[in-house]
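Asker: need a structure here:
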Amino acid sequence: MIDDESPGLGLDLPEVPPKPATAAPYRVLARKYRPQSFGALIGQDAMVTTLGNAIARGRIAHAFLLTGVRGVGKTSTARLVAKALNCVGPDGQGEPTIDPCGLCEPCVAIAEGRYIDVIEMDAASHTGVDDVREIIEAVRYAAVSARYKIYIIDEVHMLSKNAFNALLKTLEEPPDHVMFVLATTEAHKVLPTIVSRTQRFDFRRITAEVLEQHLGNVAKLESIEIDQEALAFLARHAEGSARDALSALDQLASFGGPIKLDQAEELLGKRAEDSFFEIFDAIAAGDVGAVFRSIQSFVAQGRDLRQLAFDALEHTRSLLLLKSAPDAEHLLAVPPEDHPRLLSQAESLTGAALLRTLDLLGKAIIEMRNAPNHRLLLEVALVRAAAPDTDPSPNGLLGRIERLERRIGISGPAPSGATPGAIPQTSTPAAAPRAPASSPSRAAETEVNGSQTSTSEQSPSAPDHSATPAADPATTAKEPASKPAEAPVPQAEAPPTPLVEGAVGFGHVRDAWAATLKETNKTSKRIGAFLHSSRPVSMDGELLTVEVQSDFHAQAMNELRNKEVLAEALHAALGVRPQLRFVERGKDAVAEEATPHAVDSIAEFEDAQPIEGGEHDPFELVKKGLGAEVVEERGAT
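Answerer: So this is what the prediction gives:
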């Protein structure tokens with residue numbers, strides 16, 4: 001034993017100052033401002049009203065299921081229910097109330113998490129049957145000091161199937177003094193047999209406006225200086241979660257001084273939904289470079305790229321939903337403030353493009369399971385969605401055809417995000433004065449060519465006398481006398497009504513004939529055999545003439561029921577139902593020549609000027625989009 005008085009130690013220890021009294025540990029804002037009453041619970045008014053009326057009328061269910069995204073108040077509500085049912089008031093004689101006093105022993109103990117009759121269990125760490133058996137054994141005993149023994153099971157979807165089944169009977173018929181409050185972020189994983197035994201409350205995402213106001217109040221109470229723009233950014237970044245918003249505010253408070261918007265963006269990064277809007281704007285515009293830049297911003301933030309692909313898939317689903325059913329906004333799993341922007345973006349993309357993007361992203365997610373480079377697979381999928389010419393699959397070919405049709409005006413006007421310079425559709429009123437305007441040039445062509453005269457030199461509204469090689473003078477002299485008995489001159493000069501205003505002509509019918517025959521074969525193999533080796537030869541207004549192999553085939557196809565089958569096939573391929581006439585091959589000399597209207601359509605197509613350079617010429621677009629080459633050029637003579 002060493003004597004403190006003995007010399008030889010040689011130690012000159014400094015005097016240790018007394019240890020100051022320990023300060024209270026810091027509590028993060030998300031815990032400090034957790035709602036302690038139903039009035040402090042923001043964004044869930046419908047649920048608060050329902051629960052308040054149930055408690056006031058004594059209609060209290062034995063089990064509740066609280067569902068919703070993270071940080072919207074599910075666990076806080078479970079504790080508030082426990083306080084409301086067990087509050088005894090300051091005098092100890094209180095009854096269950098929607099406004100617990102917060103001063104009595106049950107209220108204080110529940111708020112501090114130490115009340116013996118309120119048992120909280122995390123199902124993520126207690127997933128087995130044995131954990132549920134402990135609950136089943138404990139519910140048989142009465143509460144120690146409370147009116148109700150309340151079991152709060154958080155993340156209940158993590159229970160195993162056997163654990164769920166073990167809980168079924170107790171959950172259906174618990175003792176009168178026992179209540180269950182189940183909370184989950186993934187309600188679809190809870191067994192239907194469990195859901196049917198509870199009253200379900202779905203918690204909504206808190207709107208950005210409500211979150212912004214709440215964050216402003218907390219910032220004032222905590223003396224945090226922050227700009228209004230930064231507050232709005234925090235509210236949007238939280239995506240409806242009050243806990244996420246308060247955690248972000250707590251994190252930004254460490255900056256010191258007034259918090260600016262650029263500081264908030266630098267610390268928290270860009271909101272994921274905003275980045276998806278940029279990616280799909282790039283897809284709509286065909287901007288491959290913007291796609292790469294957007295993915296790089298995600299990589300810089302350290303985001304998991306496979307989860308990013310899942311989120312992009314969900315964004316595509318939201319766009320497709322709004323594209324197909326604009327009035328179904330309530331089915332979207334996004335904050336309400338994003339709905340207008342989603343609707344605007346859905347209008348810039350076609351349904352076919354969205355379905356193709358879904359297919360590309362789905363395949364990329366499957367390939368990511370075993371691939372080491374997730375970034376490359378995601379970039380390839382989004383680049384192919386933005387530029388169909390880089391996609392060698394049949395879906396990529398359909399995407400190129402769709403863009404090509406939009407440019408030359410076959411499938412209607414292009415969306416707002418389409419390539420500028422698309423050829424607009426020509427309506428009937430604009431086409432009416434065209435025939436007289438082209439007549440002088442054709443007359444001059446007649447003078448140059450001498451006696452050569454074709455049907456294209458006539459006005460589209462003039463009677464067809466081109467079948468005879470030479471006009472009879474007597475017939476010509478009689479024609480003026482017969483014209484007054486016909487329709488008035490202004491109506492006679494009007495061009496025939498096209499099948500669809502400026503959209504479908506004889507060239508379109510001829511190009512889509514193979515697809516039409518395929519549709520016909522789906523309906524009737526017999527009629528498909530009648531039309532074998534058939535081809536359209538002319539179109540006069542609404543009358544389409546089709547050449548078939550023999551007179552037998554012509555007579556068969558001229559029957560009304562057979563015509564209707566082909567008309568339906570044309571409607572499926574082109575969206576039109578013309579009148580039909582069938583002729584035997586080589587028997588109709590007039591049909592071999594182009595009718596005045598067909599020649600006029602060809603002349604209009606030949607006279608069409610490319611828009612802003614040759615890259616928008618319809619012929620060049622067809623050649624480039626389909627990889628075709630010109631074999632033979634035919635024009636009006």
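
Asker: Let's verify residue 93: helix, strand, or coil?
Answerer: coil (DSSP: H, G, I helix; E, B strand; the rest coil).

Asker: which residues of the stretch 351-500 of the chain score low on pLDDT?
Answerer: Within the stretch 351-500 of the chain, the segments meeting pLDDT under 70 span 390-500.

Asker: can you do 90?
Answerer: Applying pLDDT under 90 to the stretch 351-500 of the chain flags residues 351-357, 359, 367-375, 378-380, 383-500.

Asker: Find the nearest non-adjacent residue to residue 263, please.
Answerer: Nearest residue to residue 263, sequence neighbours excluded (CB to CB, 6 or more residues apart in numbering): residue 255, at 5.7 Å. Placement of C-beta: from N, CA and C, glycine included.

Asker: okay, that neighbour: pLDDT?
Answerer: Note for residue 255: predicted pLDDT of 77.

Asker: Could you do the one 3 residues further on as well?
Answerer: Note for residue 258: predicted pLDDT of 85.

Asker: these two touch, right, it and residue 229?
Answerer: No: applying CB atoms under 8 Å as the test, residue 258 and residue 229 come out as separate, 11.3 Å apart.

Asker: Which residues are in contact with residue 181?
Answerer: For residue 181, the contacting residues are 63, 64, 66, 78, 81, 82, 150, 151, 152, 153, by CB atoms under 8 Å, 6 or more residues apart in numbering.

Asker: Quick check: residue 69 vs residue 91, distance?
Answerer: As judged by CB to CB, to the nearest Å, residue 69 and residue 91 stand 40 Å apart.

Asker: who's more crowded, these two?
Answerer: When residue 69 and residue 91 are compared for neighbours, residue 69 comes out ahead with 17 against 8, by other CB atoms under 10 Å.

Asker: quick one: the helices in the stretch 51-200 of the chain?
Answerer: Assigned by DSSP state H, counting those that start in this stretch, the helices in the stretch 51-200 of the chain fall at 74-86, 105-112, 129-138, 161-172, 192-195.

Asker: scratch that, the stretch 251-400 of the chain
Answerer: Along the stretch 251-400 of the chain, the stretches classed as helices by DSSP H, counting those that start in this stretch are 261-268, 272-285, 288-300, 305-324, 339-347, 351-367, 374-386, 394-408.

Asker: for these, which one sits closest to residue 161?
Answerer: The closest of those to residue 161 is helix 305-324. By CB to CB, the value is 24.6 Å.

Asker: Could you list every helix and strand that the closest one packs against?
Answerer: Packing contacts for helix 305-324, counted by 3 or more CB pairs under 8 Å, 6 or more residues apart in numbering; DSSP states H and E, involve helix 272-285, helix 288-300, helix 339-347, helix 351-367, helix 374-386.

Asker: check contacts around residue 215.
Answerer: Counting by CB under 8 Å, 6+ apart, residue 215 touches 231, 234, 235, 245, 246, 249.

Asker: Closest to residue 86 out of those?
Answerer: Once CB to CB is applied, the member of the contacts of residue 215 that ends up nearest residue 86 is residue 246, at 27.2 Å.

Asker: and the angle from the helix or strand containing that closest one to helix 74-86?
Answerer: Residue 246 is part of helix 242-252, with elements assigned from DSSP states H and E. Here helix 242-252 runs at an angle of 120 degrees relative to helix 74-86 (axes from the mean of the first three to the mean of the last three CA atoms, to 10 degrees).

Asker: CA atoms only: put helix 242-252 into PDB for me.
Answerer: Extracted as PDB, the C-alpha positions of helix 242-252 are listed here (Å, rounded to 0.1, in the frame of the first residue of the first chain):
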ATOM      1  CA  ALA A 242     -43.300  16.300 -42.100                       C
ATOM      2  CA  ARG A 243     -40.400  14.300 -40.400                       C
ATOM      3  CA  ASP A 244     -38.200  14.600 -43.500                       C
ATOM      4  CA  ALA A 245     -38.900  18.300 -43.700                       C
ATOM      5  CA  LEU A 246     -38.000  18.900 -40.000                       C
ATOM      6  CA  SER A 247     -34.900  16.700 -40.300                       C
ATOM      7  CA  ALA A 248     -33.700  18.800 -43.300                       C
ATOM      8  CA  LEU A 249     -34.400  22.100 -41.400                       C
ATOM      9  CA  ASP A 250     -32.400  20.700 -38.500                       C
ATOM     10  CA  GLN A 251     -29.500  19.900 -40.800                       C
ATOM     11  CA  LEU A 252     -29.500  23.300 -42.500                       C
END
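
Asker: elements contacting it?
Answerer: Secondary elements touching helix 242-252 (3+ CB pairs under 8 Å, 6+ apart): helix 29-32, helix 208-221, helix 228-237, helix 261-268.

Asker: okay if I get the ones you listed as a markdown table plus mean pLDDT?
Answerer: Output for the helices and strands packed on helix 242-252, formatted as a markdown table (pLDDT from 0 to 100):
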| stretch | mean pLDDT |
| --- | --- |
| helix 29-32 | 90 |
| helix 208-221 | 91 |
| helix 228-237 | 87 |
| helix 261-268 | 82 |
